[in-house]
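Participant: Predicted model and sequence follow; I will ask about them next.
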Amino acid sequence: MKPYARISLKNKIFASILAVILIISVTIALLARWILISGLTKELELRGIAVAHSIAERGGGFVLDKNYSELLSLIFEEARLRERQHMINYIYVLDRSEKVLSHTFTVPFPGPLSTANPVPEGKMNSVRLVAVGAQTSYDIAVSMNEGLYRIGTVHVGLSKEHIDKLVSKLRFMFLGFISAVIIIIFYVSHRISRYITSPISRLTNISDELSRGNFDVHLDLGEDLDWAVTNCPAYKDTNMPCWHFDEQGRKSLKSKGKTGQVCATCLFYRKREGDEVIQLADSFMSMVWSIRLYRKRLQESEMKYRSLFDSGPDPIFVVDCNTDRILDANPRAEELYEYSKGELLGVSFMVLGHDQVRECLNSLNEAQTNSGCVYYPKVLHYKKGERPFYVNMHACPLSYGGTHAMIVAVTDITEMMEKDAQLVQAAKMKTLGEMSAGIAHEINQPLNAIKMGSEYLNLLIEQNRQVTETQIRDMATEISQQVDRATDIINNLRAFGKKSGLVMERVDMNEPIRGVLSIIGRQFSIQRITIRLELGEGLPYIKGHNNRLQQVFFNLLNNARDAIQEKMENEPGMWGDILVRTYTQDGRVFASFADNGPGIADSVRNKIFEPFFTTKQTGKGMGLGLAITYGIVRDYGGIITIDSQPGQGTTFILSFPSVESHQALEHNASRVDENPAQPSEIS
Amino acid sequence: MTQDKILVIDDEKATLKMFRLFLDVYGFDIFTAESGEEGLDVFDREKPDIVLTDIKMPGMDGIEVLQQIKKRSPATEVIVITGHGDMDLAIQALNLDAADFINKPIQRQSLEQGLSRARERLKLAKSRQNEVSVSRQGRALVIEIQGSVSSHSEPYLREAYAKAQEAKVQRIVLHFDPNTSVNGAGIAILTQLVLESEKDGIEIVMAGLSENFRKVFGIVGLTRMIQIFDSLDQACA
């Protein structure tokens, strides 16, 4: 079968038709020849027998009368009768004893002939092929009977040559006819196979060209097609879906609720009347058209996304997930990270992002089943020369050049973080202003004592009084203590006012609380508000900034104070009470601030973290305190919950991950946003 | 001579300690209290002549202490101690009949002055000397003012002003004794007089006012309406 499979379709059709026709012709020829030849021979024999019988009938009397001359003329007459003379070689008559009575030979009777073909007893005739001289004849012997007795035998010799001539003439004509048929079939089958296969081979050539990318190949399929691609509106306008070919495009447009622009009649798509070959050609052209159109669109799309990638305002990397190597980076990445593209490509992404990248890759591999992207806010990255800066990192899985990769978009948020820090700083300065009354009072106390002490000493000297050593020592100790006290306050203030660095430090939650209280504690007690402390011992550290936490706690205490004072206006003589507790639970460190103020109404509870939302009187608050508090707390991975009973007071509970559990939290960094309170971003 | 009894109320132990040392030098019989409540207890027990109280205190604050003391004994000289430059509170205290105020950090001089003024006023109150007198000096009429200017002083001041109108002088000099204390009501009366004098075409000037009250007058706006001189001679010139 193998060689057969290799033959072209054209030859297959051609050969198959030819073979079948040949087989049929040969079978017909053989069958016809057999029927014709045997029939013809039989017919001639029957004619010979008829001639012999007629002689036997008419010559019986002559034999009985021994009138042999009459008999001779009879057989000559029979033998020479018109066309019979070509057919009959000889006639002779024998008597009962096989003696030749008369014959038509012009030569002496060949002796052995008389016994060559005897008629057996009981039979009327016998046919046998005999050779007479150079000739071969069918000898037909018929017995000559008179009543029941056989009186002789008539032998008629039919010329075999004559019969053969007839047969060969017949055969020649037949073969000629068959040959003519075969030649015609040969020609026809050749044409048919050519007709079927030539478009196919042309299609093959064209599709070969197409697969080589040569889309300008001349499509020689439709005879009179004006095939200018640029005529199609869908070719020029890539937003227009080609409705005729693009089922997918149409579906996606429909699902978006748009129908898009459509052509009433397609310039290219057509179905001509005709056989399957023509339809195949049309369909093929439509396919080529569709391929050309979408290949162009693909190119355009590729260009579009490439230019998006190149001109993106943020750095974009393509990173191999298995090797961490950077496969591609856009110009903005070069600019921001200050590496040249050559330096970036092939370098491990770890160089830029350090350990965060590992985490990102891991979580991306985990998320592979969910095919999700991961988002890391405020991640530390490094420029050339290990200079750190902050970015938001967005990583999505991607198949890039057959490898499992991720596309990492990075936003430089340094400026935003700086602005953020400035805002926090500004808020802190505002806080400082709010605290100033308390601070002044607080610093005035030791200053007052020192002043009085020194004035007292002066007084003693002026009045020339005796000063004892103990008195001086007492005074010196007292003054020194008061200076320490003032210094403490100032140090606290300085720490509070200092701009925090970008990197978080380990903080004991109790420290900032004590720091805030040292500044405003007395102020609160003067305002008839008691702050009770229940600080847990040996709390785990949290990650954050001491002074920002102070700001958070100050804001919360300040709000509690304002709330209590609001209540005091209605209930003069009441005492404010704020209970501050710190404790640890489930790997988180908690700080709760419970006041006995008026509480927060349910209607505003969701709004209190919004920037510029305030319940305070105009001029008393900007409404930024809690918004900034929320921002700071969230930065440290913290959560604020509010428990408030109107009329009973409010409890703010802050919880932060302890340093040990901080690592675990960063894994879920992207899920931090699922807080119960949903303030809008302030940063 | 019996020592004047003095009560100092301040929540700062260190401050109290210093006060005790100082006041001992000045020859007072000293009592101290660390809170308003305690101060009132001591006041009821000891009936001091002078009370020094801090205004900002946890619990009962100085203002409340002042009110309570004035309720029990209006004659008691109550000097309030205010934070530096906290004039609002000082004026509030003056309105509640505080005799004087001292700024923190306390300077020996202002303490001494405050105390001596208080002593003088106590003496005056005891001798019941006429607090307002009028005399002619050059072109100006001088109204001498001693002790405390309060609602009680109004008739005397009105009388003096009427005299000045009669004398048809161009200028009235309000000459304050350095020990004079002016409370809220006193300030109101003085302001009233100044406004009237403007209508009547008489110029009022002041002289001899203590530093503390100059400040207070500055804050209530009196100094914008009238001139204040250091000495009587300057005022009369």
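Facilitator: Great, that's in hand.
Participant: For the longest strand anywhere in chain A, list every residue counted as buried.
Facilitator: In chain A, taking DSSP state E as the definition, the longest strand is strand A:387-400. Buried residues in strand A:387-400, counted by 16 or more other Cβ atoms under 10 Å in any protein chain shown: A:389-398, A:400. (Each C-beta comes from the backbone N, C-alpha and C, glycine too.)
Participant: quick one: contacts for the spatially most central residue of chain B?
Facilitator: Centroid-nearest residue in chain B, with Cα atoms, centre = their mean: B:Ser181, separated by 2.3 Å. Residues in contact with B:Ser181 (Cβ atoms under 8 Å, 6 or more residues apart in numbering or on different chains) are B:99-100, B:117, B:121, B:147-149, B:213.
Participant: Could you identify the helix or strand that succeeds whichever strand or helix holds A:Ser16?
Facilitator: Element membership of A:Ser16, judged by DSSP states H and E, is helix A:9-64. As assigned by DSSP H and E, the chain's next helix or strand after helix A:9-64 is helix A:68-79.
Participant: pLDDT averaged over the following helix or strand past that following helix - what is it?
Facilitator: Later in the chain than helix A:68-79, the nearest helix or strand by DSSP H and E is helix A:84-87. What helix A:84-87 shows for mean pLDDT is 79.
Participant: quick one: secondary structure of A:Thr615?
Facilitator: The local conformation at A:Thr615, judged by DSSP: H, G, I helix; E, B strand; the rest coil, is coil.
Participant: A:Glu300 too?
Facilitator: A:Glu300 is classified as helix under three-state DSSP.
Participant: ok, now how distant is it from A:Ile291?
Facilitator: A:Glu300 sits 15 Å away from A:Ile291, going by Cβ to Cβ, to the nearest Å.
Participant: Neighbour count for these two, which is higher?
Facilitator: Counted by other Cβ atoms under 10 Å in any protein chain shown, A:Glu300 and A:Ile291 do not tie: A:Ile291 has more neighbours, with 15 against 11.
Participant: where's that one, which helix or strand?
Facilitator: Counting by DSSP H and E, A:Ile291 is part of helix A:276-311.
Participant: who does that helix touch, helix- and strand-wise?
Facilitator: Where contact means 3 or more Cβ pairs under 8 Å, 6 or more residues apart in numbering or on different chains; DSSP states H and E, helix A:276-311 is packed against helix A:160-211, helix A:233-236.
Participant: I'd like the ones you listed as CSV, with mean pLDDT appended.
Facilitator: Listed next are these as CSV, based on pLDDT from 0 to 100:
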stretch, mean pLDDT
helix A:160-211, 83
helix A:233-236, 74
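Participant: between the ones you listed, which one is nearest to chain B?
Facilitator: Distance to chain B, taken as Cβ to the nearest Cβ, is lowest for helix A:233-236 among the helices and strands packed on helix A:276-311, at 79.5 Å.
Participant: in chain A, which residue is closest to the centre?
Facilitator: Short answer for chain A (Cα atoms, centre = their mean): A:Ser399, at 10.0 Å.
Participant: pretty sure that one contacts A:Met406?
Facilitator: No. Using Cβ atoms under 8 Å, A:Ser399 makes no contact with A:Met406, being 10.2 Å away.
Participant: hmm, back to that, and the residue nearest to the centre of chain B, how far from B:Ser150?
Facilitator: 8 Å.
Participant: Now for the nearest residue to A:Val659 once chain neighbours are set aside, how many residues are close by?
Facilitator: Nearest non-adjacent residue to A:Val659, counting by Cβ to Cβ, 6 or more residues apart in numbering or on different chains: A:Tyr541, 4.6 Å away. By other Cβ under 10 Å, 16 other residues sit near A:Tyr541.
Participant: which residues touch A:Tyr541?
Facilitator: Going by Cβ under 8 Å, 6+ apart, A:Tyr541 touches A:506-508, A:658-659.
Participant: List the ones among those residues that fall in strands.
Facilitator: Per DSSP E, strands hold the following members of the contacts of A:Tyr541: A:506-507.
Participant: between the contacts of A:Tyr541, which has the most around it?
Facilitator: A:Val507 leads those on contacts (other Cβ under 10 Å) with 23 neighbours.
Participant: For B:Lys126, identify the helix or strand it belongs to.
Facilitator: Applying DSSP H and E, one finds B:Lys126 within helix B:108-127.
Participant: next one: that helix to chain centre, how far?
Facilitator: Mean-position distance between helix B:108-127 and its chain equals 9 Å (Cα atoms, centre = their mean, to the nearest Å).
Participant: Next: stretch B:159-166.
Facilitator: For stretch B:159-166, the distance to the chain centre is 24 Å (Cα atoms, centre = their mean).
Participant: related to what we said a few turns ago, closest one of the buried residues of strand A:387-400 to A:Lys12?
Facilitator: A:Tyr400 (46.6 Å; Cβ to Cβ).
Participant: Could I get the contacting residues of the closest one?
Facilitator: A:318, A:320, A:327-328, A:407.
Participant: I'd like to know which of these are part of strands.
Facilitator: A:318, A:320, A:327-328, A:407.
Participant: Does B:Ile228 touch B:Ile204 like I think?
Facilitator: No. Here B:Ile228 lies out of contact with B:Ile204, judged by Cβ under 8 Å, at a distance of 10.3 Å.
Participant: Which one's more surrounded, these two?
Facilitator: Neighbours per residue, other Cβ under 10 Å: of B:Ile228 and B:Ile204, the larger number sits with B:Ile204, 24 against 19.
Participant: which residues in the stretch 501-650 of chain A form helices?
Facilitator: A:510-526, A:546-570, A:602-605, A:625-635 (DSSP state H, counting those that start in this stretch).
Participant: Pick the most buried one from these.
Facilitator: helix A:625-635 (a mean of 23; mean count of other Cβ atoms under 10 Å in any protein chain shown).
Participant: Could you chop chain B up by domain?
Facilitator: B:5-126, B:132-236 (the TED database).
Participant: Quick one: closest of the ones you listed to A:Leu44.
Facilitator: domain B:5-126 (157.8 Å).
Participant: any residue of that closest one up close to chain A?
Facilitator: Yes. Domain B:5-126 comes into contact with chain A (Cβ under 8 Å from any Cβ of the partner chain), by way of B:12, B:14-15, B:17-19, B:21-22, B:25, B:56-59, B:61, B:83-84, B:104-108, B:111.
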